[in-house]
Structures are given as C-alpha cells and as structure tokens.
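Asks: Sequence and predicted structure, then a few things I'm wondering about:
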Amino acid sequence: MIPTVLPDPDVFTAGTGEPSLRWGIVGPGWIAGAFVDALHRHTTQQVVAVASRSQDRAESFASEHGVEHTVVGVEALLARSDIDVVYIATPQSEHATVALAAIAAGKHVLVEKPFTVTADEARTVAAAARAAGVLAMEAMWSRYLPQASVIRKLIADGALGTVQSVLADHGQAIPFSPDHRLFRPELGGGALLDLGIYTLQFASMVLGNPSTVTARGTMTDTGVDAAATLILDHESGAQAALFTTILARTPMAASIAGTEGTIVLDGVFYAPTTLKVWGAEHGSTVLHWADPTGVQGFDALSWEATALARFVGDGRTESPLHTIDETVAVLETIDTARAQIADAHDRALAEAAR
Ligand SMILES: NC(=O)c1ccc[n+]([C@@H]2O[C@H](COP(=O)([O-])OP(=O)(O)OC[C@H]3O[C@@H](n4cnc5c(N)ncnc54)[C@H](OP(=O)(O)O)[C@@H]3O)[C@@H](O)[C@H]2O)c1
C-alpha cells in the first residue's frame, strides 16, 4: 500500500569518508566537459589529466574545464602513476578497447553508457576487471540519483503491490548528419544504444531480465536504428513497453504501475526530476516528490562519481546498485532488439526488390 509519507532518499553526499580519487579523462567531448564540471562543483574527486587524440583539443578542454595535465593518446594517460580511475567518454565503439587498456594498467574504470556496443564485449571487459581486481562500472548516472533510491525503497517495501508494467520513452531530435556519431554504425550509433538504453536500464531495475524481447523499428539510410519500440515480457507476467528514437523529442517520461500503486517520473525521467505517487483506487491522493538536494541537470553526474569513490573505499569491484551482470543483460536485450530490427529491415528490402 502507498505510504502517507514518501521515504527519504539515500544520497551519495560528497565528503563523507569516500576516498578523493585521482581521475583521468578519455574522450574529451561534450559529456566529459559536463562530468568534469560536475566533479569540480559537487565532489571531493580530483581530475588530474585529460587525454585527447590531439594536443590542441586536450589543452582547450583542460583550460575550459580546469584540468592540470594534458596528454596525447590513451597510453600516455595510463602510464601515469597519479591516476586511480579512468572516465571513458569516447564514442561507444571505443569503450571496450579503452576500458581493457585501462584495466590492464591497473586503473578502475567508469565507462559511459552504453558500457560497450555488444554484450560479448561487455563480458570481456567484466572478466578482465574481475581478474585484475579493479572496479568497473557503467556510467548509468540515473541509478545514483536520489530519486532512484526512493523508487527502489517504494518497490522493496511493497508499496506498489505486484508490479505489472513499466513504460518509458527516450527520443531526441538529432539533426541528420552522416558525420554525427549517432548516425554512424562503426561508432556504435543508433537510438537503442545511445538513448533507448536509459529505458532498458529502468525496466531492468524494476523488473529484472525479460524472458522475451519483441522489437519493431526503423533504420536510417546510414544503417543504424532510427526508432525502436520494444515489448519485454517477464516471467512474473509483467511487461515493459519502451520507445526510443533519434528523430523526434519525446516526453522522456516513465511510469511503474502495480496492483496497489503507481509511480510516475516526469520527463526527463533519467535525470533529476519530480515523481508522483498514487494508490490504485480512483481518486487516491497524489503524493509529490522533488529532489531536496538542489543538484540539477548534468551536475547530477557528480552522484555516480562519489558513488564510485565510496565503492572503491569499501573495497568493492562493482556497483551494488547496477552490477556488471545487469549491464551485460541489458546489452543482451539490445543485441536481440537490434538484430530483430535489422533482420526485418533486410527482409522488407528484399521483398521490395522482388
Ligand atoms: N551520461 C550522459 O548523459 C551522456 C550524454 C551524452 C553522451 N554520453 C555518452 O558519452 C560518450 C561520448 O558522447 P559525447 O556526446 O560526449 O561525444 P563527443 O562530444 O563526440 O565526444 C567524444 C570524444 O571522444 C574522442 N574520440 C576518441 N575516439 C574517437 C573516435 N573514433 N571518433 C570520434 N571521437 C573520438 C573525441 O575526442 P578527441 O578526438 O579529442 O580524443 C571526442 O571529442 C558516448 O558513449 C555517449 O553515449 C552520455
């Protein structure tokens, strides 16, 4: 049953005993800039060095975001003894290679989403990290937001009864360019890997692994999935209905509905947002929740960094809130969905050519 007062969030407050790790940055593009700014503003973490494929870009990133050291190439970064953890924010196609090199150099890794392009790659990185005894974690920042802990508590307390459905969408209108990484298959482009993964990790957090994956979608002329609708069936009987596209900006909202209650996450659901919670009976009181921390937008990337530092301080080699096995399982679902969409597309083309 829905409580009269919503639970307090668990917050990864900085400066509460976590080690002040020394970070190296690989892939100094858009999100890396937001991540470094968030670390400076809201954590006790130290950003020591940035690696680019070009000295000019490394220097301009370092001066814009206040990073002391610059290097050219990943190997030069990994050779530094003053780096504990590497944040990998290259296009997805490079994630596995960079992560494996960093792990081989004895560094912990925080790898932007998607962790890798395929589940096979993720399994390889996971095995390497486990063998090396370093922490590997997907930078799925949604999992470390205060709101995620409120949702987890409500579900664990049985407030929703038996969960029946998860709905979520993530669409962005990306102007077409054959050079944009999202339209390039060789860089791991496509809606599912870049945007849809947020809906999939959300469904996975609530319902676990699906028993069946059914995907329909469309492809760009460049050969990546442009839009995808997924139906995930689960052994419990619950279903998830998920939508993603790189062609249109959707509400980016999400909901979880159970036999006794419902949680609605206002758009943008995977970032700091507001929640509404109500009971199953008509006319039930709507409870509202808003993040009390004041950390908004991409500044909330800071939570995952403090979480990682706390996990390292606790001697963990993976996130208890988002295990590597779960990261692999979500990529297995994406592998399946991408294959179904590509096969249907190929069959339709063959049919049209007859
Ligand atoms: N958590 C989030 O909210 C969020 C948001 C956006 C993106 N992301 C993820 O973060 C990653 C980076 O996304 P982004 O939008 O920041 O990308 P971006 O702006 O294009 O930056 C990626 C950087 O990676 C480097 N790079 C290394 N190898 C490359 C290659 N083969 N092709 C192109 N660039 C290469 C480039 O820097 P140099 O050339 O200087 O080395 C480039 O600036 C992606 O995995 C994406 O899914 C996460």
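Replies: Yep, that arrived.

Asks: Show the pLDDT at the residue of the chain found nearest the ligand.
Replies: Going by Cβ to the nearest ligand atom, the ligand is nearest to Gly29 of the chain, at 1.8 Å. Any C-beta I mention is one placed from the backbone N, CA and C, and that applies to glycine too. Gly29 is assigned a pLDDT of 97 by the prediction.

Asks: what does Met140 give?
Replies: For Met140, the model assigns a pLDDT of 98.

Asks: Do I have it right that it meets Ile324?
Replies: No - assessed by Cβ atoms under 8 Å, Met140 is found out of contact with Ile324, at 11.5 Å.

Asks: which of these two has more neighbours?
Replies: Met140 (27 against 22; other Cβ atoms under 10 Å).

Asks: Distance-wise, check that one relative to Gln55.
Replies: Per Cβ to Cβ, to the nearest Å, Met140 is found 32 Å from Gln55.

Asks: Which residues does whichever strand or helix holds Ala96 contact?
Replies: Counting by DSSP states H and E, the element that carries Ala96 is helix 95-104. Residues outside helix 95-104 that contact it (Cβ atoms under 8 Å, 6 or more residues apart in numbering): 26-27, 74-75, 78, 86, 88, 90, 109, 111-112, 114-117, 121-122, 124-125, 128-129, 132, 134, 136, 188.

Asks: what's the answer for stretch 219-229, then?
Replies: Stretch 219-229 has contacts (Cβ under 8 Å, 6+ apart) with 171, 176, 178, 182-185, 189-192, 196, 215-218, 241-247, 337-338, 341-342, 345.

Asks: buried residues in it?
Replies: Neighbour counts over stretch 219-229 (16 or more other Cβ atoms under 10 Å) mark Met219, Thr220, Thr222, Val224, Asp225, Ala226, Ala227, Ala228, Thr229 as buried.

Asks: quick one: which of those is nearest Val5?
Replies: Thr229 (36.9 Å; Cβ to Cβ).

Asks: helix/strand/coil for the closest one?
Replies: Classification of Thr229 by DSSP: H, G, I helix; E, B strand; the rest coil places it in strand.

Asks: helices or strands next to the longest helix along the chain in the packing?
Replies: Ranked by residue count, the top helix of the chain under DSSP state H comes out as helix 324-353. Judged by 3 or more Cβ pairs under 8 Å, 6 or more residues apart in numbering; DSSP states H and E, the packing partners of helix 324-353 are helix 119-132, strand 136-139, helix 197-207, strand 212-219, strand 225-233.

Asks: Centroid-nearest residue for this structure?
Replies: Most central in the chain under Cα atoms, centre = their mean is Met140, positioned 2.8 Å from the mean C-alpha point.

Asks: what residues are up against that residue?
Replies: By Cβ under 8 Å, 6+ apart, Met140 lies in contact with Lys113, Ile197, Gln201, Glu304, His322, Thr327.
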